[in-house]
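Asker: sequence? don't have it. structure:
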């Protein structure tokens, strides 16, 4: 008992010393030490207890507000989880002051963290009982001379609007309207960003006031202010009855969709599917389809690109006739667009519309575009086409596409960009699933061998995984007949890395091979490699034998494997000896 108590006192003493060190580091001249200590403020607060944290630590934190950005970023993160340390929600208002001060800082990342932490604090308190504190906070932020703090006010107002009294709500609306009407574009921009969160509160927020604010922003002479109003139009469509869409939402949308600035039209296109989901199929065809068709043919490449990325989802809100008559004619020029990233986006979306329009329409209208993209000079375009093949082949059938796809895959397999080669490997398994056991022709065999002997390890590793997947998909007998002999090609390769690939591949497919095949065809070949001049190869021979010998009960193969391991015990390399002994002991 005495020893236990002594150990506990020693542990507490070490803990206090550690806390003392953290407190000292808060005052250190070294920036990293201060930042590290701030990250551990929770430990300091826990040691001090809630009362001392409120009376001593929080005031000290106020002195850190003038510190470097690295310290302040850590501080904003720490304070977001500080509510329990100050004694719970009933005391969390003491955290408002330091967080408020951080909202005045120039660094946007710190302000954003501080604002989010303020929201966390406000979310824990009874706003009705502390309304004066909360309203005072918003007023101070909105009335100060710092534009950044007004942005924090714009973020907080929608967050607490529904929790305060009607009198406070009126004050908040006046504040928000004044920010929207500000002469300073940055303030208008920040207010516009968070206006969507006020609009969605309709009818708690006055509908007419919200519409008036949207109209004001749509007329703003600064693009980077108007950029953010589309979110508010989407919120408005959600908040008001569908019967009002035609008279209120669609006229506002028209102004933005026809804006001279391509960046504004870009945002409309970016959000077009969100709006389509709200207004439904009939209104999408009537109102949104004409705009979307123009976006696909827009003179600005960035806008054509975003339109292509939205293609598959948008077509879900259309009838087949709409797609064939109004969408597909826009896609043909895009398949030969001057910008490769536009073609790549089209390639990633095109095939997804095939299940919707059916086999005959796909054959009549999509196949030509498909073949254009499949022959594209840019490897990213071709790769994106392959990524959509699974759904496409369900419509058209893999056999129809097989002969066209193999040449394209061959080019991807030898692309100069190793990441392209890596990404193309997954399609080999796709062919195996789609075509069956007869898929591995001479061309695909060569592709597989190229991957297994690639100069980049990540590609070889993925190729080994591909070999395993093929064996799993098509079965052990298929692997014994078609794969193993191909893997042995690298057994005597001059490059030891490729010889090791042989061993890795055999380990990967061992579970799918029969015990008799392993005993007669695999273990003898692996044992021959135990004489390799490179220690890494010999070590992996031992590891491979461990895998293989658990898959067969053949006595002669078992004896051959053990003799090989016994010989490796006398190897000059210590790692080879260690692994060999470990394997022998495990058998």
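Answerer: Cool, got the structure. Bear in mind that the values here come from a model prediction, so they are computed numbers and not experimental data. Numbers count the residues shown, from 1 in each chain.
Asker: which element is the residue lying closest to residue 563 once chain neighbours are set aside on?
Answerer: Spatial nearest neighbour of residue 563, chain neighbours left out: residue 527 (8.0 Å); criterion: C-beta to C-beta, 6 or more residues apart in numbering. Where C-beta positions appear, they are placed from N, C-alpha and C, glycine not excepted. Using DSSP states H and E, residue 527 sits in helix 523-528.
Asker: which helices and strands does that helix pack with?
Answerer: For helix 523-528, the contact count by 3 or more C-beta pairs under 8 Å, 6 or more residues apart in numbering; DSSP states H and E identifies helix 535-549, helix 555-568 as packing neighbours.
Asker: which stretch among those approaches residue 156 most closely?
Answerer: The closest of the helices and strands packed on helix 523-528 to residue 156 is helix 535-549. By C-beta to C-beta, the value is 59.9 Å.
Asker: angle of the closest one against helix 555-568?
Answerer: 150 degrees (axes from the mean of the first three to the mean of the last three C-alpha atoms, to 10 degrees).
Asker: so how far is helix 535-549 from its chain's centroid?
Answerer: Distance of helix 535-549 from the chain centroid (C-alpha atoms, centre = their mean, to the nearest Å) equals 38 Å.
Asker: thinking again about what came up before, counting neighbours, what do you get for the residue nearest to residue 563?
Answerer: Using other C-beta atoms under 10 Å, residue 527 has 20 neighbouring residues.
Asker: surely it is in contact with residue 545?
Answerer: Yes: using C-beta atoms under 8 Å, residue 527 is in contact with residue 545, at 7.5 Å.
Asker: report the set of residues contacting both of those two.
Answerer: Here residue 527 and residue 545 have 561, 564 as joint contacts, going by C-beta atoms under 8 Å, 6 or more residues apart in numbering.
Asker: count the neighbours of residue 39 for me.
Answerer: With other C-beta under 10 Å as criterion, residue 39 counts 16.
Asker: also residue 366?
Answerer: Residue 366: 22 neighbours (other C-beta under 10 Å).
Asker: how close does the residue nearest to residue 563 get to residue 558?
Answerer: Applying C-beta to C-beta, to the nearest Å, the value for residue 527 to residue 558 is 12 Å.
Asker: try residue 40
Answerer: From residue 40 to residue 558 the distance is 57 Å (C-beta to C-beta).
Asker: so between those two, which is more surrounded?
Answerer: residue 40 (18 against 15).
Asker: which phi and psi does that one have?
Answerer: Backbone geometry at residue 40, expressed as degrees, to the nearest 10, gives phi -110, psi 20.
Asker: list the residues that contact residue 131.
Answerer: Taking C-beta under 8 Å, 6+ apart, one finds 164-165, 168 in contact with residue 131.
Asker: from those, which ones fall inside helices?
Answerer: Residues of the contacts of residue 131 located in helices (DSSP state H): residue 168.
Asker: report the contact partners of residue 164.
Answerer: 127-128, 131, 134-135, 172.
Asker: these into JSON lines, with extra columns for distance to residue 377?
Answerer: Listed next are the contacts of residue 164 as JSON lines, based on distance: C-beta to C-beta, whole Å:
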{"residue": "127", "distance to residue 377": "61"}
{"residue": "128", "distance to residue 377": "65"}
{"residue": "131", "distance to residue 377": "65"}
{"residue": "134", "distance to residue 377": "60"}
{"residue": "135", "distance to residue 377": "62"}
{"residue": "172", "distance to residue 377": "57"}
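Asker: from these, keep the buried residues only.
Answerer: Buried subset of the contacts of residue 164 (neighbour count, 16 or more other C-beta atoms under 10 Å): 127, 131, 134-135, 172.
Asker: which non-adjacent residue is nearest residue 557?
Answerer: The nearest residue in space to residue 557 (C-beta to C-beta, 6+ apart) is residue 519, at 3.6 Å.
Asker: neighbours around the one you found, how many?
Answerer: Other residues close to residue 519 by other C-beta under 10 Å number 23.
Asker: that one contacts residue 554, correct?
Answerer: Yes: look at residue 519 against residue 554 with C-beta under 8 Å: they come within range, at 3.4 Å.
Asker: and the residue lying closest to residue 205 once chain neighbours are set aside, how far is that from residue 115?
Answerer: Nearest residue to residue 205, sequence neighbours excluded (C-beta to C-beta, 6+ apart): residue 198, at 5.2 Å. The gap separating residue 198 from residue 115 is 16 Å, by C-beta to C-beta.
Asker: so which bits of stretch 114-132 are buried?
Answerer: 114-122, 125, 127, 130-131.
Asker: by mean pLDDT, flag the weakest helix or strand of the protein.
Answerer: Least confident helix or strand, the chain: helix 2-26 with a mean of 49, by mean pLDDT, DSSP states H and E.
Asker: what's downstream of it, the next helix or strand?
Answerer: Following helix 2-26 in sequence, per DSSP H and E, is helix 31-39.
Asker: now do the helix or strand just after that next one against helix 31-39, angle only.
Answerer: Per DSSP H and E, helix 31-39 leads on to helix 41-48 as the next helix or strand towards the C-terminus. Counting by the same axes, to 10 degrees, helix 41-48 lies at 60 degrees to helix 31-39.
Asker: in helix 41-48, what's buried?
Answerer: 41, 44-45, 47-48.
Asker: same check on stretch 373-382?
Answerer: Applying 16+ other C-beta under 10 Å to stretch 373-382 flags 373-374, 376, 379-382 as buried.
Asker: and the contacts of that stretch?
Answerer: 335, 340-341, 343-344, 346-347, 350, 384-385, 404-405, 408, 411-412, 415, 417, 420.
Asker: surely residue 213 touches residue 195?
Answerer: Yes: counting by C-beta under 8 Å, residue 195 is a contact partner of residue 213 at 6.2 Å.
Asker: give me the common contacts of the two.
Answerer: In contact with both residue 213 and residue 195: 176, 180, 232, using C-beta under 8 Å, 6+ apart.
Asker: which residues touch the second one?
Answerer: The contact partners of residue 180, by C-beta under 8 Å, 6+ apart, come to 188, 191-192, 195, 213, 216-217.
Asker: picking that back up, what helix or strand is the residue nearest to residue 205 located in?
Answerer: helix 185-199.
Asker: C-terminal to that helix, what's the next element?
Answerer: Moving toward the C-terminus from helix 185-199, the next helix or strand (DSSP H and E) is helix 207-218.
Asker: buried stuff in that next one?
Answerer: The neighbour-count check on helix 207-218 (16+ other C-beta under 10 Å) flags 210-211, 213-214, 216-218 as buried.
Asker: could you do stretch 93-113 as well?
Answerer: Neighbour count says stretch 93-113 has 93-96, 98-105, 107, 110-113 buried, by 16+ other C-beta under 10 Å.
Asker: pLDDT of that stretch, averaged?
Answerer: On average, the pLDDT along stretch 93-113 is 88.
Asker: and it, end to end?
Answerer: 17 Å (C-alpha to C-alpha, to the nearest Å).
Asker: show me what it is in contact with.
Answerer: Outside stretch 93-113, the residues that reach it (C-beta under 8 Å, 6+ apart) are 54, 58, 61-62, 65, 69, 72-73, 75-77, 79-80, 82-83, 86, 114-115, 117-118, 121, 125, 130, 133, 137, 140-141, 144, 146, 148-149, 151-152.
Asker: those residues in helices, which ones?
Answerer: Of the contacts of stretch 93-113, the ones assigned to helices by DSSP H are 58, 61-62, 69, 72-73, 75-77, 79, 114-115, 117-118, 121, 133, 137, 140-141, 148-149, 151-152.
Asker: okay, now the unreliable bits of the stretch 251-400 of the chain?
Answerer: 399-400 (pLDDT under 70).
Asker: contacting residues around residue 57?
Answerer: Contacts of residue 57 (C-beta under 8 Å, 6+ apart): 41, 44-45, 48.
Asker: switch the cut-off to 6 Å
Answerer: Listed by C-beta atoms under 6 Å, 6 or more residues apart in numbering, the contact partners of residue 57 are 45, 48.
Asker: so what's it scoring on pLDDT?
Answerer: 85.
Asker: fine by me, thanks again.
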